[in-house]
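Colleague: Predicted model and sequence below, questions to follow.
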Amino acid sequence: NAGVTQTPKFRVLKTGQSMTLLCAQDMNHEYMYWYRQDPGMGLRLIHYSVGEGTTAKGEVPDGYNVSRLKKQNFLLGLESAAPSQTSVYFCATQRGFLYGYTFGSGTRLTVV
Amino acid sequence: TQLLEQSPQFLSIQEGENLTVYCNSSSVFSSLQWYRQEPGEGPVLLVTVVTGGEVKKLKRLTFQFGDARKDSSLHITAAQPGDTGLYLCAGASGATNKLIFGTGTLLAVQP
């Protein structure tokens, strides 16, 4: 039982390059989230999904896009990476209202 | 914008000491959760509190939700090196599932 798996774990991008981060879950959870974690700023919500085929913007959505074509996968895309997107990205899933989040182990992204 | 402020930001103590971490906001939350995060890993849920004034205990950890549901505290009794990590509070408001996270308290327990 893997829980929440994020790939890749590390990545270095040049400014302007694109990439996709994959979050895969095997818990059949409806809700999925993408957060970024930066020193001194805590975890900030980028985008989220309340079910297959749905997505919505969070607190800091600019420069990112997401897709949830299958219930178990939530993809985060960076179309044209910028140094300000250097961060640690976490995916989280949630069974339902008032349940806790289950986080992946994160993707450390550096944009140079 | 809802904010959750945690204090202190950093705490370094000796094994066996007690400590309290605070999580404060001007907003009312329908529920509040506490997580612990270790280096290189994602946060792991410790507890969820829902009712104002609620107190929950998890071994040596005691969590309290403020009566007005705007603040919370985490008290650790007789801290151990295994308690070392980043402690995060997170609140949900209304009927939304989205969590607002605090900035965290980094705890180091020295043996």
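Modeller: Thanks, I have the structure now.
Colleague: Please count neighbours and contacts with C-alpha atoms only from this point.
Modeller: Noted.
Colleague: So which bits of chain A are right by chain B?
Modeller: A:40-45, A:90, A:96-106 (Cα under 8 Å from any Cα of the partner chain).
Colleague: Out of these, which end up buried?
Modeller: Neighbour-count burial (16 or more other Cα atoms under 10 Å in any protein chain shown) applied to those gives A:42-45, A:90, A:98, A:100-106.
Colleague: Just the ones in strands from those residues, please.
Modeller: A:42, A:43, A:44, A:45, A:90, A:101, A:102, A:103 (DSSP state E).
Colleague: Let me know the closest of the residues you listed to residue B:85.
Modeller: residue A:42 (14.1 Å; Cα to Cα).
Colleague: Now do the contacts for residue 46.
Modeller: Assuming you mean chain A. By Cα atoms under 8 Å, 6 or more residues apart in numbering or on different chains, the contact set of residue A:46 is A:33, A:34, A:35, A:36, A:57, A:58, A:59, A:60, A:61, A:64.
Colleague: if you could check chain B rather than the one you did, that'd help
Modeller: B:33, B:34, B:35, B:36.
Colleague: Could you rerun that using 7 Å?
Modeller: B:34, B:35, B:36 (Cα atoms under 7 Å, 6 or more residues apart in numbering or on different chains).
Colleague: Mind listing residues that contact stretch A:82-91?
Modeller: For stretch A:82-91, contacts defined as Cα under 7 Å, 6+ apart pick out A:15-16, A:23, A:33-38, A:103-112, B:42.
Colleague: Which among those count as buried?
Modeller: Among those, the ones that count as buried by 16+ other Cα under 10 Å are A:23, A:33-37, A:103-111, B:42.
Colleague: farthest-separated two in those residues?
Modeller: Spanning the widest gap among those are A:103 and A:111, at 23.2 Å by Cα to Cα.
Colleague: which parts of chain B sit against chain A?
Modeller: Proximity of chain B to chain A (Cα under 7 Å from any Cα of the partner chain) is limited to residues B:40, B:41, B:42, B:43, B:44, B:45, B:97, B:101, B:102, B:103, B:104.
Colleague: mind listing what the first one touches?
Modeller: Listed by Cα under 7 Å, 6+ apart, the contact set of residue B:40 reads residue A:105.
Colleague: Can you tell me the closest non-neighbouring residue to residue B:63?
Modeller: residue B:74 (4.7 Å; Cα to Cα, 6 or more residues apart in numbering or on different chains).
Colleague: Dump the helix or strand hosting that neighbour to PDB, keeping only the CA atoms.
Modeller: Element membership for residue B:74 (DSSP states H and E) is strand B:71-76. What follows is strand B:71-76, C-alpha atoms only, in PDB (Å, rounded to 0.1, in the frame of the first residue of the first chain):
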ATOM      1  CA  ASP B  71      -6.700  29.400  18.400                       C
ATOM      2  CA  SER B  72      -5.100  26.100  19.500                       C
ATOM      3  CA  SER B  73      -2.200  24.900  21.600                       C
ATOM      4  CA  LEU B  74       0.000  21.800  21.600                       C
ATOM      5  CA  HIS B  75       1.700  20.900  24.900                       C
ATOM      6  CA  ILE B  76       4.400  18.200  25.000                       C
END
